[in-house]
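> Dropping a prediction and its sequence here:
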Amino acid sequence: MDRCQRIRSLFLDPAESYTLGEVARLTDTPVRALRREVAGGDRDAERVRGRWRFLWRQAVYVAMERWTLAEIADALGADAARVLPPLLALRAVTVRLPEFIILALETVAGEQRMTLDAALHGELIDFAGTMAERMDKVAPGYREAYFFPGRPN
(Lines give C-alpha, C1' and ligand atoms only; values in the text may rest on other atoms or scores of the structure.)
Protein backbone atom coordinates (compact mmCIF):
# COMPACT_ATOMS: atom_id res chain seq x y z
CA MET A 1 0.00 0.00 0.00
CA ASP A 2 1.52 3.35 -1.00
CA ARG A 3 1.15 6.68 0.82
CA CYS A 4 -1.83 7.79 -1.24
CA GLN A 5 -3.68 4.52 -0.58
CA ARG A 6 -2.91 4.71 3.15
CA ILE A 7 -4.22 8.25 3.42
CA ARG A 8 -7.33 7.50 1.38
CA SER A 9 -8.05 4.39 3.43
CA LEU A 10 -7.79 6.22 6.74
CA PHE A 11 -9.76 9.32 5.74
CA LEU A 12 -12.32 7.84 3.34
CA ASP A 13 -13.04 4.52 5.07
CA PRO A 14 -12.88 5.44 8.76
CA ALA A 15 -13.30 2.72 11.37
CA GLU A 16 -14.54 3.29 14.90
CA SER A 17 -11.18 2.13 16.25
CA TYR A 18 -7.88 0.64 15.13
CA THR A 19 -5.27 -1.65 16.63
CA LEU A 20 -1.76 -0.33 17.12
CA GLY A 21 -0.64 -2.48 14.18
CA GLU A 22 -3.34 -1.05 11.92
CA VAL A 23 -2.37 2.53 12.79
CA ALA A 24 1.29 1.69 12.19
CA ARG A 25 0.45 0.20 8.78
CA LEU A 26 -1.92 3.01 7.75
CA THR A 27 0.54 5.74 8.75
CA ASP A 28 3.70 3.94 7.67
CA THR A 29 5.03 4.28 11.23
CA PRO A 30 7.28 1.60 12.74
CA VAL A 31 5.28 -0.51 15.22
CA ARG A 32 8.03 -0.28 17.84
CA ALA A 33 8.14 3.51 17.64
CA LEU A 34 4.37 3.81 17.92
CA ARG A 35 4.24 1.34 20.84
CA ARG A 36 6.99 3.28 22.62
CA GLU A 37 5.15 6.59 22.11
CA VAL A 38 1.89 5.15 23.45
CA ALA A 39 3.54 3.46 26.43
CA GLY A 40 5.43 6.66 27.23
CA GLY A 41 2.25 8.75 27.17
CA ASP A 42 3.37 10.70 24.11
CA ARG A 43 0.55 9.28 21.98
CA ASP A 44 -3.14 9.07 22.88
CA ALA A 45 -4.60 5.55 22.81
CA GLU A 46 -6.60 3.31 25.12
CA ARG A 47 -5.91 -0.18 26.44
CA VAL A 48 -8.76 -2.56 25.68
CA ARG A 49 -8.36 -6.15 26.92
CA GLY A 50 -4.61 -5.65 27.14
CA ARG A 51 -4.19 -4.22 23.63
CA TRP A 52 -3.78 -0.63 22.49
CA ARG A 53 -6.71 0.79 20.51
CA PHE A 54 -6.89 4.09 18.68
CA LEU A 55 -10.06 5.97 17.87
CA TRP A 56 -10.25 7.31 14.32
CA ARG A 57 -9.29 10.82 15.42
CA GLN A 58 -6.27 9.44 17.32
CA ALA A 59 -5.13 7.60 14.20
CA VAL A 60 -5.58 10.79 12.15
CA TYR A 61 -3.38 12.70 14.63
CA VAL A 62 -0.62 10.18 13.88
CA ALA A 63 -1.19 10.62 10.14
CA MET A 64 -1.12 14.42 10.39
CA GLU A 65 2.22 14.26 12.17
CA ARG A 66 3.54 11.82 9.56
CA TRP A 67 2.41 13.73 6.46
CA THR A 68 1.82 17.39 5.68
CA LEU A 69 -1.66 18.70 5.09
CA ALA A 70 -0.64 19.24 1.46
CA GLU A 71 0.30 15.55 1.09
CA ILE A 72 -2.99 14.52 2.69
CA ALA A 73 -5.04 16.89 0.53
CA ASP A 74 -3.20 15.78 -2.62
CA ALA A 75 -3.86 12.12 -1.82
CA LEU A 76 -7.54 12.79 -1.13
CA GLY A 77 -7.99 14.87 -4.28
CA ALA A 78 -11.59 16.03 -4.76
CA ASP A 79 -12.63 13.97 -1.72
CA ALA A 80 -10.69 16.35 0.56
CA ALA A 81 -13.59 18.82 0.42
CA ARG A 82 -15.93 16.09 1.67
CA VAL A 83 -13.86 14.79 4.60
CA LEU A 84 -11.84 17.78 5.82
CA PRO A 85 -13.26 20.92 7.42
CA PRO A 86 -13.69 23.67 4.80
CA LEU A 87 -11.12 25.96 6.43
CA LEU A 88 -8.45 23.26 6.06
CA ALA A 89 -8.61 23.77 2.30
CA LEU A 90 -5.21 24.84 1.04
CA ARG A 91 -4.80 28.21 -0.62
CA ALA A 92 -1.68 29.48 -2.36
CA VAL A 93 -0.53 32.96 -1.38
CA THR A 94 2.44 35.08 -2.33
CA VAL A 95 4.25 36.99 0.40
CA ARG A 96 7.30 39.20 0.41
CA LEU A 97 9.52 38.68 3.42
CA PRO A 98 13.00 39.86 4.39
CA GLU A 99 15.83 37.58 3.27
CA PHE A 100 16.82 36.73 6.88
CA ILE A 101 13.36 35.28 7.57
CA ILE A 102 13.46 33.21 4.38
CA LEU A 103 16.95 31.97 5.29
CA ALA A 104 15.75 30.95 8.75
CA LEU A 105 12.76 29.07 7.30
CA GLU A 106 14.93 27.37 4.68
CA THR A 107 17.40 26.35 7.39
CA VAL A 108 14.66 24.85 9.58
CA ALA A 109 13.11 23.10 6.57
CA GLY A 110 16.46 21.66 5.52
CA GLU A 111 17.39 20.48 9.01
CA GLN A 112 14.02 18.82 9.50
CA ARG A 113 13.84 17.50 5.93
CA MET A 114 10.57 19.22 5.18
CA THR A 115 9.22 21.61 2.61
CA LEU A 116 9.33 25.35 3.13
CA ASP A 117 5.52 25.26 3.27
CA ALA A 118 5.63 22.72 6.11
CA ALA A 119 8.23 24.73 8.03
CA LEU A 120 6.16 27.89 7.71
CA HIS A 121 3.02 26.00 8.75
CA GLY A 122 4.84 24.77 11.85
CA GLU A 123 5.84 28.30 12.76
CA LEU A 124 2.38 29.78 12.16
CA ILE A 125 0.23 27.11 13.84
CA ASP A 126 0.79 28.55 17.33
CA PHE A 127 -0.20 31.99 16.07
CA ALA A 128 -3.35 30.48 14.56
CA GLY A 129 -4.17 28.94 17.94
CA THR A 130 -3.91 32.27 19.73
CA MET A 131 -6.48 33.62 17.28
CA ALA A 132 -8.97 30.71 17.54
CA GLU A 133 -11.60 32.34 19.73
CA ARG A 134 -11.48 35.67 17.91
CA MET A 135 -11.45 34.13 14.43
CA ASP A 136 -14.36 31.76 15.06
CA LYS A 137 -16.57 34.86 15.34
CA VAL A 138 -15.21 36.19 12.04
CA ALA A 139 -14.93 32.88 10.19
CA PRO A 140 -17.28 30.19 11.54
CA GLY A 141 -15.54 26.82 11.49
CA TYR A 142 -12.12 28.27 12.32
CA ARG A 143 -11.87 26.37 15.63
CA GLU A 144 -13.07 23.18 13.95
CA ALA A 145 -10.27 23.48 11.39
CA TYR A 146 -7.66 24.42 14.01
CA PHE A 147 -8.51 21.50 16.32
CA PHE A 148 -9.11 18.91 13.57
CA PRO A 149 -9.36 15.95 13.98
CA GLY A 150 -10.24 16.73 17.60
CA ARG A 151 -13.24 18.66 18.74
CA PRO A 152 -13.11 22.31 19.79
CA ASN A 153 -14.26 22.92 23.35
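Everything's here; your move. Computed from a predicted structure; not experimentally measured.

> now for the helix or strand residue 33 falls within, which elements pack on it?
With the criterion set as DSSP states H and E, the secondary-structure element containing residue 33 is helix 31-39. In terms of contact count using 3 or more Cβ pairs under 8 Å, 6 or more residues apart in numbering; DSSP states H and E, helix 31-39 is assigned the packing partners helix 20-27. C-betas here are computed from N, CA, C, even on glycine.

> between the helix it packs on and helix 31-39, how big is the angle?
An angle of 120 degrees separates the directions of helix 20-27 and helix 31-39 when computed by axes from the mean of the first three to the mean of the last three Cα atoms, to 10 degrees.

> Contacts for the helix holding residue 33, please.
With contact meaning Cβ atoms under 8 Å, 6 or more residues apart in numbering, helix 31-39 is reached by 20, 21, 23, 24, 27, 43, 45, 52, 62.

> one more time with 6 Å
With Cβ atoms under 6 Å, 6 or more residues apart in numbering as the contact definition, helix 31-39 has outside contacts at 20, 24, 43, 45, 52.
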